[in-house]
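Colleague: Have a look; sequence and predicted model below, questions after that.
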Amino acid sequence: MLAIRLPESIEKRLEKLARRTGRTKTYYAREAILEHLADLEDLYLAEGALERIRRGEERTIPLNRARKRHGLRR
């Protein structure tokens, strides 16, 4: 179970969409979360990796070396 507070303008838009389509507000809230959750996870993982690189805890390799390593052409 999850309860969220939305700005009034978003709540009204969600209500209007639900009314027009015959679906529930919960349906659309769930769809929005599922659609963007993977992107948010990727973003936070990438930010964590960037911080480790900046602290010298993780190394990078040049793109041409990565391509060669994985048998990719330019």
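Modeller: The structure has been received and is ready for your questions. Residues are numbered from 1 along each chain as shown.
Colleague: Number of residues surrounding residue 33?
Modeller: Neighbours of residue 33 under the rule other Cβ atoms under 10 Å: 12. Using the backbone N, CA and C atoms, a C-beta is placed for each residue, glycine as well.
Colleague: what about it, helix or strand, and which?
Modeller: Residue 33 belongs to helix 25-54 when assigned by DSSP states H and E.
Colleague: Could you list the low-pLDDT ranges of this structure?
Modeller: Flagging of the chain using pLDDT under 70 yields an empty set of residue ranges.
Colleague: buried set for the helix holding residue 33?
Modeller: Using 16 or more other Cβ atoms under 10 Å as the burial criterion, the residues of helix 25-54 that qualify are residue 28.
Colleague: For that helix, name the packing helices and strands.
Modeller: Other helices and strands packing on helix 25-54, by 3 or more Cβ pairs under 8 Å, 6 or more residues apart in numbering; DSSP states H and E, are helix 8-21.
Colleague: Give me the angle between the helix it packs on and helix 25-54.
Modeller: Angle, helix 8-21 to helix 25-54, by axes from the mean of the first three to the mean of the last three Cα atoms, to 10 degrees: 130 degrees.
Colleague: gap between residue 33 and residue 41?
Modeller: Between residue 33 and residue 41 the computed distance is 12 Å (Cβ to Cβ, to the nearest Å).
Colleague: quick one on the thing from earlier: chain center to the helix holding residue 33, what's the gap?
Modeller: The chain centroid and the centroid of helix 25-54 are separated by 3 Å, computed with Cα atoms, centre = their mean, to the nearest Å.
Colleague: Right, I'll leave it there.
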